[in-house]
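S.K.: curious how this folds, go ahead:
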Amino acid sequence: MEYKEGYVEFVDKRYAKRVADLLHSQQVGGSNKQHSGDTWVVQYVSGATWDDLVAKQKYLKGSRDKRVDRELARIQEDTEFITAQIDQARSMEGMKKRKGGAFVDKGGKKEKKVEKKDKKRVTERKMDDALLDRLLG
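M.R.: You can find the predicted model right below:
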């Protein structure tokens, strides 16, 4: 079922009111299978002019277009961000493969990993320096 909206303008408001009363909630259709059994909801809108209706339709279309444009811009930003993240991850994987896992990303900076052997040497040096300071100091 599809909803369609339409407007009819009458010269005399008496005819408009009468037609609205006669056609409201009436099943309309016939041999055409597509529109067979459609129910019309017809209302008389007092004080409305054709220009008011056209202006309302233009306003609704414009606001819908703006909403769609904002949504498309947000989707584009998200896509660019995700693409940049994927490219960064791929480049990091490539660096890890080339260097055998020797590089780690720390907040956007690439720093060399200190391996266990190097850590052990550094702590031994610190201990040796502290011992020498005690003995000589």
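S.K.: in the chain, which ranges drop under the pLDDT threshold?
M.R.: 1, 30-36, 100-137 (pLDDT under 70).
S.K.: in the chain, where's the longest helix?
M.R.: Counting by DSSP state H, the longest helix found in the chain is helix 50-99.
S.K.: for it, name the packing helices and strands.
M.R.: Secondary-structure packing of helix 50-99 (3 or more CB pairs under 8 Å, 6 or more residues apart in numbering; DSSP states H and E): strand 103-106. (Glycine included, C-beta is placed from N, CA and C.)
S.K.: tell me how many other residues surround residue 62.
M.R.: 10 (other CB atoms under 10 Å).
S.K.: check residue 96 too.
M.R.: By other CB under 10 Å, neighbour count at residue 96 equals 14.
S.K.: likewise for residue 53?
M.R.: Considering only other CB under 10 Å, residue 53 is surrounded by 14 other residues.
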